[in-house]
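1. Below is the sequence, then the predicted model.
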Amino acid sequence: MAYSDFTLDQVRTTFGLRVSEHSDLFASAAELTPSPWLVTYLNGSVPLARAMNTGKARSELIIAPVLTELRLRFPELCSLFSGAELNADPERGLRGYCDFIIAKSAVQHLLEAPLLLVAGAKNSDLATGYGQCAAGMMGAQYFNETRGGLPGAIFGAVTTGENWAFAKLEATSLVLDMQAYPINRVGKILGILRDMIGG
Amino acid sequence: MAYCDFTLESVTTTFGLSIGDAADLFASVEELAPSNWLARTLEAAHLARAMNTEKARSELMIAPFFTELWLRFRDQCSFFSGIDFTVDAARGLKGFCDFILSRSPTPYVLSAPVAMITESKNSDLPSGYGQCVAGMIGAKIFNEQRGSVTPVVFGAVSTGDLWAFLSLNGTSLTLDRRLYDIHESGKILGVLYSMLA
């Protein structure tokens, strides 16, 4: 058992989570204007990733650039990890690789608590990504608890690159945001990410 | 058996390749100055170095070179990242390829592959040669099956920090002894661009 094996229902029953939905979880997040670099990047890369239609291309051409922008703009507030292994609690299946993790730490060479965001890349269907993402969020929560990080909310993102959906985990309460943000609203997506890291 | 299972030894034996090397295969290729966009993108390469995962190196150090080519020369090329490239399953020419550079401008369907690029595992450059050469043979056969004989198919193995190039002319495989560092981005870009000619 690893993160990628979990369905949302399995995460809920295995870890006793209460799952609810919110109509607009990040309504108050102000937009953050993307840099000219990111605008140039996405103008070319979004249609290209769509044409290739592989998960690898979506990660390389859309998701990684957006998250890299966050780290480049707020290097003191967050670090970014791509393809990192997070073996938080292997016995309960909280192990494996996470597509992307953002930690509230300036240290870029190793994962350091508190972890804030676990993002999962999907090639097409967002809905099938929630299980893996929620399991990753549980792993991050456990990591923070055992590493003495301050207990706080853990965020999750499920994304195809073209579409982003968010979730929030506090203790045993998992809230799924009913909004989904298309990449042409990258300013709003960046604003949400900035709020998460406290920027 | 798939591309990733080949070693340099097994691929040369299986497909009867002769293997040689060159001191500086692309000595005559001119640099192509990186755009401001690529220069800015590669400033983030240190993040991938710190993360030290193959995925991060691919995202932040390797893919940007192909994106740059496409942004600047999209009427001459396209590239493909992570597609299934099955050419001759019985002979092991199947599986996913890290990057394929194509002389065709359409990124929707692969045609006219000219270069196969392999991300090396664990920053161990030579470990990527077998997979890369197998992909190059796949590309050669793929082109022949479609009646477009490409005299030379190119290859590259990259750790992100280092690039090594190869060429396959018929059954003659040449490894370039000269390696390129990511700081020579203009030269790397020039070499990749020259493959489209």
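-> Everything's here; your move. Everything quoted here is computed from the prediction, not taken from an experiment.

2. going forward, measure contacts and count neighbours with C-alpha atoms only.
-> Will do.

3. For B:Leu101, which non-adjacent residue is closest in space?
-> Once flanking residues are discounted, B:Leu101 sits nearest to B:Phe79: 4.5 Å by C-alpha to C-alpha, 6 or more residues apart in numbering or on different chains.

4. And the helices in chain B, which stretches?
-> B:8-14, B:36-42, B:45-51, B:54-57, B:63-73, B:129-145, B:185-194 (DSSP state H).

5. Might you list the low-confidence residue ranges for chain A?
-> For chain A, the stretches flagged by pLDDT under 70 are A:151.

6. And what about the residue most central in space within it, helix, strand or coil?
-> What sits nearest the mean C-alpha location of chain A, by C-alpha atoms, centre = their mean, is A:Ala119, with 2.4 Å. Of the three states, A:Ala119 takes strand according to DSSP: H, G, I helix; E, B strand; the rest coil.

7. Make JSON lines from the helices of chain B and add distance to A:Glu145 to it.
-> Below are those laid out as JSON lines (distance: least, C-alpha to C-alpha, whole Å):
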{"stretch": "helix B:8-14", "distance to A:Glu145": "47"}
{"stretch": "helix B:36-42", "distance to A:Glu145": "35"}
{"stretch": "helix B:45-51", "distance to A:Glu145": "23"}
{"stretch": "helix B:54-57", "distance to A:Glu145": "27"}
{"stretch": "helix B:63-73", "distance to A:Glu145": "36"}
{"stretch": "helix B:129-145", "distance to A:Glu145": "42"}
{"stretch": "helix B:185-194", "distance to A:Glu145": "43"}
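
8. Now render those as TSV, adding mean neighbour count, mean pLDDT and distance to A:Arg73.
-> Putting the helices of chain B into TSV (neighbours: other C-alpha atoms under 10 Å in any protein chain shown; pLDDT from 0 to 100; distance: least, C-alpha to C-alpha, whole Å) gives the following:
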stretch	mean neighbour count	mean pLDDT	distance to A:Arg73
helix B:8-14	15	97	43
helix B:36-42	16	97	13
helix B:45-51	19	95	13
helix B:54-57	24	96	18
helix B:63-73	19	97	19
helix B:129-145	24	97	36
helix B:185-194	20	98	24
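
9. Can you tell me which residue is spatially central in chain B?
-> Centre-most residue of chain B, counting by C-alpha atoms, centre = their mean: B:Ile117, 2.2 Å.

10. That one reaches B:Val153, doesn't it?
-> No: in this structure B:Ile117 lies outside contact range of B:Val153 using C-alpha atoms under 8 Å: 11.2 Å.

11. what number of residues lie near the closest residue to A:Ile189 other than its chain neighbours?
-> Leaving aside its chain neighbours, A:Ile189 sits nearest to A:Tyr181 (6.9 Å; criterion: C-alpha to C-alpha, 6+ apart). When neighbours are counted by other C-alpha atoms under 10 Å in any protein chain shown, A:Tyr181 registers 16.

12. give me the element A:Tyr181 is part of.
-> Here A:Tyr181 sits within strand A:173-182, counting by DSSP states H and E.

13. Give me the contact list for that strand.
-> Strand A:173-182 has contacts (C-alpha atoms under 8 Å, 6 or more residues apart in numbering or on different chains) with A:17-25, A:162-169, A:188-189.

14. Just those residues: which are in strands?
-> A:18-22, A:163-169 (DSSP state E).

15. Make a ChimeraX selection of the buried ones in the residues you listed.
-> ChimeraX command restricting the ones in strands among the contacts of strand A:173-182 to the buried ones, with burial defined by 16 or more other C-alpha atoms under 10 Å in any protein chain shown:
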select /A:163,164,165,166,167,168,169
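
16. returning to what we had before: enumerate the beta-bridge partners assigned to the residue nearest to the centre of chain A.
-> A:Phe100, A:Ala157 (DSSP bridges).

17. close enough to count as contact, it and A:Tyr97?
-> No: in this structure A:Ala119 lies outside contact range of A:Tyr97 using C-alpha under 8 Å: 11.1 Å.

18. Can you get me a residue count around the residue nearest to B:Leu101?
-> Neighbour count of B:Phe79, defined by other C-alpha under 10 Å: 28.

19. Isn't it up against B:Ser111?
-> No: the pair B:Phe79 and B:Ser111 does not pass the contact test of C-alpha under 8 Å, sitting 10.0 Å apart.

20. Please enumerate the shared neighbours of those two.
-> B:Ser102.

21. Could I get the full set of strands for chain A?
-> A:18-22, A:79-85, A:97-103, A:115-121, A:154-159, A:163-170, A:173-182.

22. Up against chain A, what does chain B have?
-> Within reach of chain A by C-alpha under 8 Å from any C-alpha of the partner chain, chain B has these residues: B:37, B:40-41, B:44, B:47, B:50-51, B:53-56, B:58-60, B:63, B:67, B:71, B:80-83, B:107-109.

23. Now do the nearest residue to B:Ser102 once chain neighbours are set aside against chain A, distance only.
-> Excluding its sequence neighbours, the residue lying closest to B:Ser102 (C-alpha to C-alpha, 6+ apart) is B:Pro113, at 4.2 Å. According to C-alpha to the nearest C-alpha, to the nearest Å, B:Pro113 and chain A sit 14 Å apart.

24. I'm done for today, thanks for sticking with me.
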